[in-house]
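Asker: please find the sequence and the predicted model below.
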Amino acid sequence: MAAWSARRPWRGLAVWLAFVVLSLGVGIAMGNHNATGDDYRTGEAGRAETMAAQGHLDHEPVEQVMISARPGAPDPAAAGAAVRDITARMRKLSEVKRVAPPVRSADGHTLRVEVTLWGDDADAKKHVAPLVAQTEAAQRSHRELRVEETGSPSISLGVEAQRGSDLALSEAITLPITLITLLVVFGSAVMVAVPLLLALTSIAAAVGLSMIVSHVLPDAGVGMNVIILIGMAVGVDYTLFYLKREREERARSGGRLGPEALVELAAATSGRAIVASGLAVVVSTATLYLATDIVFSSLATCTIVVVLAAVLSSLTALPALLVTIGRRAEARVARRAARAAGRPARRARDHAEAGRMWTALLRPASRHPALTLGVSVLVMLALAAPALGMQLRVLNKDSHSREIPALQAYDRLTAAFPELRIQHQVVVRAGAGQADEVGGALQELGRRATHDPLYAKDLRPTVRVSADRRTSSLYLAVPHRLSSPEALTSLQHLREDYLPATVGKVAGARFAVTGDVPHDTDYLAHQDEKLPLVVGMLLLLTFVLTALVFRSVVLGLLGVALNLLSAAAAFGLVVVFFQHGLATTLFGFDPAATSAIGSRVPLFLFVILFGLSMDYQVFVVSRIREAALAGVPTRQAVLQGTVTSAKVVTSAAVVMVTVFASFMLLHLAEMKQVGFSLAVAVLLDAFVIRVLILPAAMTLLGRASWWPSRGMGRAQQDAAAGAPRVRTLTSP
C-alpha cells in the first residue's frame, strides 16, 4: 500500500481525503445514535427498570423549579406571583406533561414546583432547554427572588455543555504544544504540518465512522472525548515513527536513493511496526466488549475506529506526502547548494550528540543490568503499592463540577428538601388478582422503612399500580448523599431485610429495587464479575500478539510483565493523587472529584495502557531485532536499537503526555483521572520501562530473548563465529 501511494502520490492523497470526506459525510447524514435507558440496565436495578417499563410505571423525567429569597424567607405575595407565573409558563410548553402544586420547605424559605416532562428519562435532556428558558424568563420578571431550575435532565444538559467547552480548551492547549514539540524534532514547518494534518484528518474520519457504527453499537456519549484523546496521541506517534525512519534512510543513502525508494524502505520497517502496533491496540481494546457494558463498548468502538484510521493514513496519505515533499526538495537542491552543504554536518553532529546522550542514559542497563533491573523494578513496585487500597465509586452528581448552574441549584434544592436526594423504587410483578395483596405488602414495607432512621420520616409512601394490575411500585426517600455510607446501608436493609419480610411473602411475586444508589451498586458488582474475564483475555492476547510479532515466547512474557508493571505504577499514583487528595493540594482540584476513583477508570486504563505500551514495545524491540538479525550481538543490538529509537520515542511520549495531561484541566472527574493516569503511564513507560528495565532484562537474557526463533538463532551464531551478514530490512 505504501509503495503504491509513493509511486502515485496524488492518487494516494486523493484516496485518503476521499475516505475522510466520505466517512464524515455519511456519518453526518446518518446521524449519531445515542444509547437509550434500556442500554444501561444492569443487575437487579436493570430488572426493576424492565418490570416498571412493562407496567408503564418507569421513572418519569422531572424538573424542579425553586423560588426563594436570596436572604431569609421570601415575601408571600411575591412568591405566590412567581409560582403562578412559572406554572402558567410551563403548562404552555408541549414538552411538559403536568405541573404539580407548589411545596414549601420545612424552614419555609423555599417553594418548589415539580414539572414532569413527556418521554423517557434518558432522552429528557434533549427537550429540557425550553423549560430552562422559561425559568430564566421568570427570573428576569421576578428579580427580587431567586428563581432557578434543576433536575436530572437540566443537569445532564449542563454536563454536556461543560464537556464541549472542556474539549475546546483541551484542543487549545494541546495543538500549540504539539506544534512546538514537532518543530523541535524536525526543525521544519512543512514536516511539522504532516503529522498534525494526518492526526486531525484521522480524527475527522473516525468521527464519521463512529456515527455510522453507532447504529449498531450505540454511543454512550463519551465517543468524542475518546476519539480526540487517542486520535491525537496515536496519529502523531505513528507519523513520527515513519518520518524518523525515512530520515534515517535518507541520511544513510547519501542522496543515492530517490524519495520513492526511501519511503518504501521506511514502509518495510517502521511502516510494518506501525501496523503491528495498531492491530495490537485494536485487539487489546476489543477485550472491553467482554464487559458487556454500553459505556465500555462505546469506549472500545471509538478507540478501535480512530486507531484504524490512523494506521490507514500512515499507509496512504503519509507515503504520498513524503514523496511529494521529497521531490520538491530535490528540485530546490541546485538553487540551495550552499545552504544544503552545511546541513549534513550539522545533522551528523546533532545525531552524534543525541547518540552520546542516550548511550550515557543506557549505560547503567548495559554495564550493570542486574542492579539496574532490580532497583528499577523495586521503584515501580513502590509506586504501585498504593493501588492495593484503591476505592472505586460510580462518579455521580456528588462529584460533578459545581460550576454548572443546575448543580448549584441541586445543592440548594437538596439542602431545603433532603428527601429528594435519593429515591429507591421498589417494583413488584405478580398476577392481576394479587394486586391488593401486593399493595398491602408494599404499605407494610413503607411503614417499616419510615421507622428506620436511614429513611425520610415526613413522607407517606404511595403505592402505584399499573393499568393491568400486574405491576406495582413504591418510592422510598432517603435524605442522605448519593455516595454516603448511609445510602448504601439503606439499600442493604431494603434488599436483605424489609423486602423478604413483606413482598417476599407474596406467592409467585417477582420484585427488585432500582434508583441511583441501586444502579451504582449493581454496576460495580457487574464490573467485579466481568473483570477477571477481561483482564485474563487481555493478558493472553497481549502475550500471543507479542510472541507472534517478534517470534519469541520470551519477549511475549516479558511484554506482559512490563505492561503489568507500568499499569500498576500508574494505578498507584492515581490513588495517591486523587483518592488521597494530593491533586487537591497541588492542583486545587475539587475534593468531591478526588475522594475516590471512578468505577470505569481502572478497567479502561488497564486496557488502553496495554495497547499504548505496545506502541513503544513494538517500535523499540523491532529496532533491536533488526540489528540482531543483521548479525549484531544481542547485548550490542539492545544498545543500538534503543539509542536509534530513543529520540522519536521521547518526542512521541512528549506529545502523548501533552494530550493526556490536558484532560486534567477538564471538569469531569473521570476524565481528569484518565488523563492523569495515561500521562503518568506514558512517562514511566518511555523513560523507565524502555530506557532501564527493558534493556537491562534483554541484556541479561542475551540470546534467550529470541527463543525459539530459529532465524535469530542462526544470525547470532553467525555473528559469534565472525561470519558477515548483509543488512536486512526484515521487521515484524
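Answerer: Done, it's in.

Asker: let me see the contact set for the most centrally placed residue in the chain.
Answerer: By C-alpha atoms, centre = their mean, the mean C-alpha position of the chain lies nearest to residue 226, the distance being 5.2 Å. Applying C-beta atoms under 8 Å, 6 or more residues apart in numbering to residue 226 gives the contacts 299, 302-303, 306. Yep, even glycine has a C-beta here, placed from its N, CA and C like the rest.

Asker: run the last query once more with 10 Å
Answerer: Contact analysis of residue 226 by C-beta atoms under 10 Å, 6 or more residues apart in numbering lists 206, 210, 298-303, 305-306, 604, 608, 671, 674.

Asker: now for the residues you listed: which two are most distant?
Answerer: For these, the farthest-apart pair by C-beta to C-beta is 305 and 671; their separation is 19.3 Å.

Asker: residue 549 touches residue 619, doesn't it?
Answerer: No - counting by C-beta atoms under 10 Å, residue 549 stays clear of residue 619, with 11.3 Å between them.

Asker: who touches both of these two?
Answerer: Residues touching both residue 549 and residue 619 (C-beta under 10 Å, 6+ apart): 273, 276-277.

Asker: between residue 305 and residue 671, which one's more packed in?
Answerer: residue 305 (27 against 24; other C-beta atoms under 10 Å).

Asker: how about that one, secondary structure?
Answerer: Recorded secondary structure, residue 305: helix (DSSP: H, G, I helix; E, B strand; the rest coil).

Asker: that one touches residue 234, doesn't it?
Answerer: No - Residue 305 is not in contact with residue 234 according to C-beta under 10 Å; the separation is 11.7 Å.

Asker: between the two, which contacts overlap?
Answerer: Here residue 305 and residue 234 share the contacting residues residue 202, scored by C-beta under 10 Å, 6+ apart.

Asker: quick one on the thing from earlier: distance of the residue nearest to the centre of the chain from residue 670?
Answerer: Using C-beta to C-beta, to the nearest Å, residue 226 is found at 12 Å from residue 670.

Asker: what do those two both touch?
Answerer: Here residue 226 and residue 670 have residue 604 as joint contacts, going by C-beta under 10 Å, 6+ apart.

Asker: and which of the contacts of residue 226 is nearest to residue 646?
Answerer: Distances from residue 646 to these, taken as C-beta to C-beta, are shortest for residue 608 (23.8 Å).

Asker: shaky segments in the stretch 151-300 of the chain?
Answerer: Residues of the stretch 151-300 of the chain meeting the criterion pLDDT under 70: 185-188, 255.

Asker: past the helix or strand of the chain with the lowest mean pLDDT, which element shows up next along the chain?
Answerer: Lowest on mean pLDDT, DSSP states H and E among the helices and strands of the chain sits helix 337-367, with a mean of 60. As assigned by DSSP states H and E, the chain's next helix or strand after helix 337-367 is helix 369-384.

Asker: and the helices in the stretch 201-350 of the chain?
Answerer: Counting by DSSP state H, counting those that start in this stretch, the stretch 201-350 of the chain has helices at residues 223-253, 259-266, 272-286, 294-315, 317-331, 337-367.

Asker: which residues sit in contact with residue 380?
Answerer: 562, 564-566, 568-570, 572, 684, 688-689, 692-693.

Asker: if we use 8 Å, what do you get?
Answerer: Applying C-beta under 8 Å, 6+ apart to residue 380 gives the contacts 565-566, 568-569, 684, 688, 693.

Asker: just the buried positions in stretch 257-277, please.
Answerer: By 16 or more other C-beta atoms under 10 Å, the buried positions in stretch 257-277 come out as 257, 259-277.

Asker: also stretch 285-304?
Answerer: By 16+ other C-beta under 10 Å, the buried positions in stretch 285-304 come out as 285-291, 293-304.

Asker: can you dump the C-alpha atoms of it in CSV for me?
Answerer: Extracted C-alpha coordinates of stretch 285-304, given in CSV (Å, rounded to 0.1, in the frame of the first residue of the first chain):
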residue,chain,number,x,y,z
THR,A,285,-9.1,-2.7,23.3
ALA,A,286,-11.7,-5.2,21.9
THR,A,287,-11.5,-7.0,25.2
LEU,A,288,-13.6,-4.2,26.6
TYR,A,289,-16.6,-5.7,24.8
LEU,A,290,-16.4,-8.7,27.1
ALA,A,291,-17.5,-6.4,30.0
THR,A,292,-21.0,-6.3,28.3
ASP,A,293,-21.4,-2.7,29.3
ILE,A,294,-22.6,0.1,27.0
VAL,A,295,-20.1,2.6,28.2
PHE,A,296,-17.1,0.3,27.8
SER,A,297,-18.4,-0.9,24.4
SER,A,298,-18.7,2.7,23.3
LEU,A,299,-15.1,3.4,24.5
ALA,A,300,-13.8,0.4,22.7
THR,A,301,-15.6,1.2,19.5
CYS,A,302,-14.3,4.8,19.3
THR,A,303,-10.8,3.7,20.2
ILE,A,304,-10.7,1.0,17.6
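
Asker: contacts for that stretch next, please.
Answerer: 35, 39-40, 42, 206, 210, 213-214, 217-223, 226-227, 230, 281-282, 307, 523, 526-527, 530, 533-534, 537-538, 541, 600, 603-604, 607-608, 611.

Asker: which of those count as buried?
Answerer: Going by neighbour count (16+ other C-beta under 10 Å), those have 35, 39-40, 42, 206, 210, 213-214, 217-223, 226-227, 230, 281-282, 307, 523, 526-527, 530, 534, 537-538, 541, 600, 603-604, 607-608, 611 buried.

Asker: what's the closest non-adjacent residue to residue 270?
Answerer: The shortest distance from residue 270 to any non-neighbouring residue, by C-beta to C-beta, 6 or more residues apart in numbering, is to residue 245 (3.8 Å).

Asker: how is this protein partitioned into domains?
Answerer: Domain assignment for the chain by automatic domain parsing gives 1-31+188-333, 54-157, 408-521.

Asker: closest to residue 700 out of those?
Answerer: Taking C-beta to C-beta, domain 1-31+188-333 is the member of the domains of the chain nearest to residue 700, at 24.3 Å.

Asker: from the middle of its chain, how far away would that closest one be?
Answerer: Relative to its chain's centre, domain 1-31+188-333 lies at 20 Å (C-alpha atoms, centre = their mean, to the nearest Å).

Asker: can you check stretch 606-618 too?
Answerer: Centroid separation for stretch 606-618 versus its chain: 14 Å, with C-alpha atoms, centre = their mean.

Asker: same question, stretch 534-542
Answerer: Chain-centre distance of stretch 534-542: 19 Å, with C-alpha atoms, centre = their mean.

Asker: and for stretch 159-176?
Answerer: Remark: stretch 159-176 is offset 15 Å from the chain centroid, using C-alpha atoms, centre = their mean.

Asker: mind listing what's buried in it?
Answerer: In stretch 159-176, counting by 16+ other C-beta under 10 Å, buried: 159, 162-163, 166-167, 170, 173-175.

Asker: helices of the stretch 401-550 of the chain, start to end?
Answerer: Assigned by DSSP H, counting those that start in this stretch, the helices in the stretch 401-550 of the chain fall at 405-416, 435-450, 485-493, 499-501, 516-550.

Asker: can you give me the neighbour number for residue 328?
Answerer: Using other C-beta under 10 Å, residue 328 has 11 neighbouring residues.

Asker: distance of it from residue 319?
Answerer: 15 Å.
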